[in-house]
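**Q** using only what follows, build the 3D model:
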Amino acid sequence: MKMFKNKLQGFSIVGVVLIVLLIGCTKKTVWDIRDFGAVNDNTTINTSFIQNAIDECSKAGGGIVLISDGKYISGTILLKDNVNLKIAEGAQLLGSANPKDYQTIDPFTDAVGQQRGKCLVGALNAKNIAISGKGIIDGRGHLFKTAELAKTMKKMGVDKSRLKEFANNRPFLVRFVKSSRITVTEIFLRQSAAWTLHLFQCEQIKIDGIDIYNHAHKNNDGIDMDSSKDAVITNCNIDTGDDAICFKTTSPIATENITVSDCRLKSDWGTIKFGTESMGDFRNITIKNCYIHETRGGGIKILSVDGSNISNIRIDSIQMEKVDMPIFIRLGERLRTYRDAPKQKVGSITDVFISNVDATTWNLEESRVSPPSGILMTGTANHKIGTVKLENIHIHLPGGGLKEHSQVIVPEAETKYPEFSFFGVLPSYGIMGRHIQSLQAKNLQINIETKDFRKPVLMEDVVNQDVENVKINGEKYQIQ
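**A** So this is what the prediction gives:
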């Protein structure tokens, strides 16, 4: 019996040792920023603590860097390989008020001449990175308005001569550069000082179920896909002061192979937009099943003005309520350059198919251009838009065009910033097409609430025109 007890005790000791060894060998999966010194007192600048957690997580092979329970202020943090930055529900990552707390990565000058490159959360040449959780990343962009910024700089002892410098290089909220295998899910992105989520020369991207609200400052874009490819954007709710979802190319590298679906979009400037920064091509992009509402600057804008060749664009099943011009397509000759790239030749737009759109514009009092029009498609005299197909398009307008509006001469404005409102009131309230090689349209319904002396449809310099079944207030209309 004594021998049996000794053996049993021996087995127990071995078991305990094995359990200890197993626990010691278990791979760590979560790095809590509080373990690295982060404090949620709404005062401490936690940049170094959060960055240390990210660095250690990546060095160990990857995992979750966790932000939970409270508000943490930070300057720029950079994600590294295999790191998932998780902001748990109830937690907030807040942008520092001090402009000196932000780093610049891959600087460039945007289409309106402002310096860009700073961000709150960023990544450069990283792989397999993510932002997740149901918490909030808030840039507190109102702190970068001139008056607030001046107060901060005085408090921090920063020379006031640098005010313009900091005001012109406001930080983005999230910025990924030359990175791959990116996932952004469920997070709430709030009040950036500039663009909200910018991806430049990135690939293999999944953006799912995020919520963006950004009206804190100027240039408050939602999602900017810039010279990036192989992306899926779905189930997002976006409400912005500037473009909601914008495809850009601030380099000659294309933005391509992207699907956007099932998103709810609101903007003060444009909801779905290609350009204006458009050096590289846009191709193989599908947008479907989206709801656009209360938009001040146009529903769908497809713009090539800096040399971009736009092709194989599919836009389907879009509902719009209270928008300025529902569809605007522009091939122009601005030819602006970015990042010291050589100037491009004038680009092209072709193989664009827009179908199953039901759009209602603002009324006369609320329209940016009053009376409004439904669709404007224009190339230039020397560079025509290629092939555009429209099918099952329903547009509801207030009418109200006067006789003098029907005689308006629409400017060419080949080299100007491409915005539909800059063309003014159009001589057509339904569709105006100009400088187009081939327009194919089928099942177009245009409804107006009050009399409009302008033409329903106006075509100028359209080489091949195949338009059938056009109805104005339910009655068939024959294009002259």
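
**Q** right, and Ile33 touches Asp69 too?
**A** No. At 10.4 Å, Ile33 does not count as touching Asp69 under the criterion of C-beta atoms under 8 Å. Yep, even glycine has a C-beta here, placed from its N, CA and C like the rest.

**Q** burial of the nearest residue to Cys202 once chain neighbours are set aside, as a residue count?
**A** Spatial nearest neighbour of Cys202, excluding adjacent residues (C-beta to C-beta, 6 or more residues apart in numbering): Ser228 at 4.5 Å. Ser228 is flanked by 30 other residues according to other C-beta atoms under 10 Å.

**Q** quick one: Ser228 from Gly270, how far?
**A** 19 Å (C-beta to C-beta, to the nearest Å).

**Q** cool, and Cys263?
**A** Per C-beta to C-beta, Cys263 is found 14 Å from Gly270.

**Q** between these two, which has more neighbouring residues?
**A** Taking neighbours as other C-beta under 10 Å, Cys263 and Gly270 compare with Gly270 leading, 32 against 25.

**Q** about what we covered before: and Ile33 and Asp69? Which one has more around it.
**A** Neighbour count, other C-beta under 10 Å: between Ile33 and Asp69, Ile33 has more, with 26 against 13.

**Q** isn't there a strand covering Phe166?
**A** No. Phe166 sits outside any strand when classified using DSSP: H, G, I helix; E, B strand; the rest coil, being helix.

**Q** which ones are touching it?
**A** By C-beta atoms under 8 Å, 6 or more residues apart in numbering, the contact set of Phe166 is Pro99, Phe144, Leu149, Met153, Val158.

**Q** now for the helix or strand harbouring the third one, which elements pack on it?
**A** Element membership for Leu149 (DSSP states H and E) is helix 146-156. Secondary-structure packing of helix 146-156 (3 or more C-beta pairs under 8 Å, 6 or more residues apart in numbering; DSSP states H and E): helix 163-168.

**Q** so which bits of whatever helix or strand comes next after the helix it packs on are buried?
**A** The helix or strand immediately downstream of helix 163-168 is strand 172-177, counting by DSSP H and E. Along strand 172-177, these residues count as buried under the neighbour rule (16 or more other C-beta atoms under 10 Å): Phe172, Leu173, Val174, Arg175, Phe176, Val177.

**Q** and the pLDDT at Lys7?
**A** Per-residue pLDDT puts Lys7 at 44.

**Q** is it true that Lys389 touches Ile329?
**A** No. Applying C-beta under 8 Å as the test, Lys389 and Ile329 come out as separate, 11.7 Å apart.

**Q** overlap in contacts of those two?
**A** By the contact definition C-beta under 8 Å, 6+ apart, Lys389 and Ile329 are jointly contacted by Val352.

**Q** who's in contact with the residue nearest to Cys202?
**A** So Ser228 contacts Leu199, Phe200, Gln201, Cys202, Glu203, Ile205, Thr255, Ile258 (C-beta under 8 Å, 6+ apart).

**Q** low pLDDT regions in the stretch 1-150 of the chain?
**A** Applying pLDDT under 70 to the stretch 1-150 of the chain flags residues 1-26.

**Q** what are the boundaries of the helices in it?
**A** 2-25, 47-59, 146-156 (DSSP state H, counting those that start in this stretch).

**Q** same thing with the stretch 201-350 of the chain?
**A** Along the stretch 201-350 of the chain, counting by DSSP H, counting those that start in this stretch, no stretch forms helices.

**Q** just the strands in it please.
**A** Under the criterion DSSP state E, counting those that start in this stretch, strands of the stretch 201-350 of the chain are mapped to 203-208, 211-214, 223-226, 229-234, 237-240, 245-249, 255-261, 264-267, 272-278, 282-295, 300-304, 309-323, 327-331, 348-361.

**Q** could I get the ones you listed as JSON lines with distance to Lys164 and mean pLDDT?
**A** Formatted as JSON lines, those follow (distance: least, C-beta to C-beta, whole Å; pLDDT from 0 to 100):
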{"stretch": "strand 203-208", "distance to Lys164": "34", "mean pLDDT": "98"}
{"stretch": "strand 211-214", "distance to Lys164": "23", "mean pLDDT": "98"}
{"stretch": "strand 223-226", "distance to Lys164": "24", "mean pLDDT": "98"}
{"stretch": "strand 229-234", "distance to Lys164": "35", "mean pLDDT": "98"}
{"stretch": "strand 237-240", "distance to Lys164": "25", "mean pLDDT": "98"}
{"stretch": "strand 245-249", "distance to Lys164": "25", "mean pLDDT": "98"}
{"stretch": "strand 255-261", "distance to Lys164": "32", "mean pLDDT": "98"}
{"stretch": "strand 264-267", "distance to Lys164": "28", "mean pLDDT": "98"}
{"stretch": "strand 272-278", "distance to Lys164": "23", "mean pLDDT": "97"}
{"stretch": "strand 282-295", "distance to Lys164": "32", "mean pLDDT": "98"}
{"stretch": "strand 300-304", "distance to Lys164": "29", "mean pLDDT": "98"}
{"stretch": "strand 309-323", "distance to Lys164": "35", "mean pLDDT": "98"}
{"stretch": "strand 327-331", "distance to Lys164": "32", "mean pLDDT": "98"}
{"stretch": "strand 348-361", "distance to Lys164": "37", "mean pLDDT": "98"}
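
**Q** out of these, which is closest to Thr43?
**A** Go through the strands of the stretch 201-350 of the chain one by one with C-beta to C-beta and the one that ends up closest to Thr43 is strand 211-214, at 24.7 Å.

**Q** tell me how far Ile479 lies from Phe420.
**A** Relative to Phe420, and taking C-beta to C-beta, Ile479 is found at 21 Å.

**Q** adding distance to Leu189, write the buried residues of strand 172-177 out as JSON lines.
**A** Putting those into JSON lines (distance: C-beta to C-beta, whole Å) gives the following:
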{"residue": "Phe172", "distance to Leu189": "11"}
{"residue": "Leu173", "distance to Leu189": "6"}
{"residue": "Val174", "distance to Leu189": "7"}
{"residue": "Arg175", "distance to Leu189": "12"}
{"residue": "Phe176", "distance to Leu189": "13"}
{"residue": "Val177", "distance to Leu189": "18"}
